[in-house]
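Student: using only what follows, build the 3D model:
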Amino acid sequence: MLHEQRLFPVEGAARAVAAKLYETVKDLPIISPHGHTDPRWFAENKPFPDPTALLIQPDHYIFRMLYSQGVSLESLGIPQVDGKEAADPREVWRIFAKHYYLFRGTPTRLWLDYVFQTLFGLNERLRAENADVYYETIAKKLNEPEFLPRALFERFKIEVLATTDAAFDTLEWHKAIKDSGWGGRVLPTFRPDAVIDAEFLGFKENIDKLGEITGEDVSGYKGYLNALRSRRAFFKSMGATATDHGHLTAMTADLSPGAAAELYGRVYTGKLQPGDVELFQAQMLTEMAGMSVEDGLTMQLHPGSVRNHNKLVYEKFGRDKGADIPAPTEYVRSLRPLLNKYGNAPGFTFILFTLDESTYARELAPLAGHYPCLRLGPSWWFHDSPEGMMRFREQVTETAGFYNTVGFNDDTRALLSIPARHDVARRVDSAFLGRLVAEHRLDEDEALDLVYELTVGLVKKAYRL
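Tutor: Numbers count the residues shown, from 1 in each chain. Predicted coordinates for the structure are as follows:
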């Protein structure tokens, strides 16, 4: 299924250089500074239950495509809010195999074929007729010691893996990993959305929980900010090097202390005025930037996703079920309050992502090409594809160069897809650099330096790893 020179340029000279560049980085360790894998896997190190639970049910890239073609989430055994999960794993796998053709030409197909072939030795394309053979082969492998979570971590040559964790998370599984003596480096990432977004389910209860954990009086703005500082310090003590913020917009604000305290009072008590939800998030992005200047945690912003667009799916199945949809995002004016205050602060690193590709050349690259704090995150989510990666390089390099980007991160919940995703990124970066060499825009020795930086160098620097 997998051609050795997949994703390389068609043109001969560029193809040859791309292949040479790729050979130098294909076996380098994986640095995964932003993702959503479960630290409990590595703490307990138990076998994964079955192929369906491992590969289909946690992966919204898979089940959203099936749902778009009329396959019900109930039939796939996707967990429901009321606790129902009634579906035979083998039957779910058969449904998946029957519809595997839907993934033709998608990055999901690239990732899955890579997993099937390199991990399980399955070289024949998945289809309804061989669904049981696939299922039985994978299920058998999952009970072998080589397929325990820690063994896979080591097999994949993962040097660092960062998770994403709520501000009030106890990080008990990260502590268990540390206490176990295992050498795998699994780091938490501080994500405070649940105590910053007033529309987040259980928002008031989440803030009160934050106060209980830290011993701060969160009914007032000062106590609330102190609680956040306390949790950031705890995360940092557990190995965290970054924060992450998933806001609808990139809007920031710089209110006076009095105005900010009044706004928080309305947000905390639920006595909201029009615009308060967005304004509070905007103010808190600036506050978080200030805290990053203080404590050195790299700051990430992932804006532009209209979450839970499908009300029916959200009410029945909850968050993160494939119904988040990209929306236009403005950065230049939105980020100005934050950048005016902290954009020139020494040591501050602020990584911007986007789901709005129209902003690459117009807004993001010029911003990152000027402000010392700004770096551009890789093509993300819906654009985490060979085409998306190539569009990113073509549009941002002319203004921001390579060194104002941060390499690649996989942003995945699916453990087995991590090496597949990084392999795609390494191939696409090699292809882009190979073309520049073939066009005599870059010397080959420079391309060799760059492909290493794009694979491991820039990501380690940006995330202080």
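
Student: how far away is the nearest residue to residue 130 once chain neighbours are set aside from residue 349?
Tutor: Excluding the flanking residues, the one nearest residue 130 by CB to CB, 6 or more residues apart in numbering is residue 124, at 6.1 Å. The way it works is simple: take the backbone N, C-alpha and C, and place the C-beta from them, glycine included. Relative to residue 349, residue 124 is positioned 46 Å away (CB to CB, to the nearest Å).

Student: higher neighbour count, these two?
Tutor: The residue with more neighbours, out of residue 124 and residue 349, is residue 349; 21 against 12, by other CB atoms under 10 Å.

Student: which residues are in contact with the more buried one?
Tutor: Applying CB atoms under 8 Å, 6 or more residues apart in numbering, one finds that residue 349 lies in contact with 292, 298-299, 373, 375, 462, 464.

Student: run the last query once more with 6 Å
Tutor: 298, 462 (CB atoms under 6 Å, 6 or more residues apart in numbering).

Student: outline the domain layout of the protein.
Tutor: As given by automatic domain parsing, the domain ranges for the chain are 12-47+148-462, 48-147.

Student: what's the most buried one of those domains?
Tutor: Neighbour counts (mean count of other CB atoms under 10 Å) averaged over each of these peak at domain 12-47+148-462, with a mean of 19.

Student: looks to me like the residue nearest to residue 130 is in a helix.
Tutor: No: using DSSP: H, G, I helix; E, B strand; the rest coil, the assignment for residue 124 is coil, not a helix.

Student: can you give me the distance of it to residue 116?
Tutor: For residue 124, the distance to residue 116 - CB to CB - is 9 Å.

Student: cool, and residue 8?
Tutor: 22 Å.

Student: ok so, going back, which one, of the domains of the chain, ends up nearest to residue 1?
Tutor: Of all the domains of the chain, it is domain 48-147 that lies closest to residue 1, at 4.6 Å by CB to CB.

Student: any idea where the helices of the stretch 1-150 of the chain begin and end?
Tutor: 12-25, 39-44, 51-55, 60-68, 89-98, 107-120, 131-142, 149-155 (DSSP state H, counting those that start in this stretch).

Student: tabulate those (CSV), appending distance to residue 331 and mean pLDDT.
Tutor: Listed next are the helices of the stretch 1-150 of the chain as CSV, based on distance: least, CB to CB, whole Å; pLDDT from 0 to 100:
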stretch, distance to residue 331, mean pLDDT
helix 12-25, 31, 98
helix 39-44, 32, 98
helix 51-55, 36, 95
helix 60-68, 26, 95
helix 89-98, 38, 98
helix 107-120, 25, 97
helix 131-142, 43, 98
helix 149-155, 35, 98
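
Student: for residue 288, find the nearest of those helices.
Tutor: helix 39-44 (22.7 Å).

Student: who are the packing partners of the closest one?
Tutor: Under the contact criterion of 3 or more CB pairs under 6 Å, 6 or more residues apart in numbering; DSSP states H and E, helix 39-44 touches helix 149-155, helix 172-180.

Student: and the residue nearest the centre of this protein?
Tutor: The centroid of the chain falls nearest to residue 411 when counting by CA atoms, centre = their mean (2.3 Å).

Student: in contact with it, which residues are there?
Tutor: Per CB under 6 Å, 6+ apart, neighbours of residue 411: 34-35.

Student: in three-state terms, label it for me.
Tutor: Quick answer, by three-state DSSP: residue 411 is coil.

Student: how about it, phi and psi?
Tutor: Backbone torsions for residue 411, taken as degrees, to the nearest 10, come to phi 50, psi 50.

Student: picking that back up, tell me which of the domains of the chain sits nearest to residue 4.
Tutor: Comparing these by CB to CB, domain 12-47+148-462 comes nearest, at 8.4 Å.

Student: for the closest residue to residue 166 other than its chain neighbours, grab phi and psi.
Tutor: The shortest distance from residue 166 to any non-neighbouring residue, by CB to CB, 6+ apart, is to residue 194 (5.3 Å). Here is the backbone geometry of residue 194 (degrees, to the nearest 10): phi -70, psi -20.

Student: I'd assumed residue 201 was in contact with residue 194.
Tutor: No: using CB atoms under 6 Å, residue 194 is not in contact with residue 201; the gap is 8.2 Å.

Student: so what's the residue lying farthest from the centre of the chain scoring on pLDDT?
Tutor: Outermost residue of the chain with respect to the C-alpha centroid, by CA atoms, centre = their mean, is residue 258; its distance is 35.5 Å. For residue 258, the model assigns a pLDDT of 98.

Student: ok so, going back, okay if I get the domains of the chain as JSON lines plus distance to residue 4?
Tutor: Below are those laid out as JSON lines (distance: least, CB to CB, whole Å):
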{"stretch": "domain 12-47+148-462", "distance to residue 4": "8"}
{"stretch": "domain 48-147", "distance to residue 4": "12"}
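
Student: which one of those lies nearest to residue 2?
Tutor: Judging those by CB to CB, what sits closest to residue 2 is domain 48-147, at 5.5 Å.

Student: span of the closest one from start to end?
Tutor: 8 Å (CA to CA, to the nearest Å).

Student: in the chain, which spans are strands?
Tutor: Ranges of strands in the chain, per DSSP state E, are 30-32, 158-162, 165-166, 186-187, 190-191, 242-245, 298-301, 305-306, 325-326, 350-352, 374-376.

Student: need those in a markdown table (columns: distance to residue 65 and mean pLDDT).
Tutor: Listed next are the strands of the chain as a markdown table, based on distance: least, CB to CB, whole Å; pLDDT from 0 to 100:
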| stretch | distance to residue 65 | mean pLDDT |
| --- | --- | --- |
| strand 30-32 | 24 | 98 |
| strand 158-162 | 26 | 98 |
| strand 165-166 | 28 | 98 |
| strand 186-187 | 29 | 98 |
| strand 190-191 | 26 | 98 |
| strand 242-245 | 26 | 98 |
| strand 298-301 | 27 | 98 |
| strand 305-306 | 18 | 95 |
| strand 325-326 | 14 | 96 |
| strand 350-352 | 28 | 98 |
| strand 374-376 | 28 | 98 |
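
Student: if we can go back for a sec, for residue 304, find the nearest of the helices of the stretch 1-150 of the chain.
Tutor: helix 60-68 (16.8 Å).

Student: what's the closest non-adjacent residue to residue 390?
Tutor: residue 428 is the one closest to residue 390 (CB to CB, 6+ apart), at 5.9 Å.

Student: how about residue 224?
Tutor: Counting by CB to CB, 6+ apart, the residue nearest residue 224 is residue 218, at 4.7 Å.

Student: wait, the one you found sits on residue 209?
Tutor: No: look at residue 218 against residue 209 with CB under 6 Å: they stay out of range, at 9.2 Å.

Student: contacts only, for the residue nearest to residue 390.
Tutor: Per CB under 6 Å, 6+ apart, neighbours of residue 428: 7, 386, 389-390.

Student: same question, residue 36
Tutor: 164, 413.
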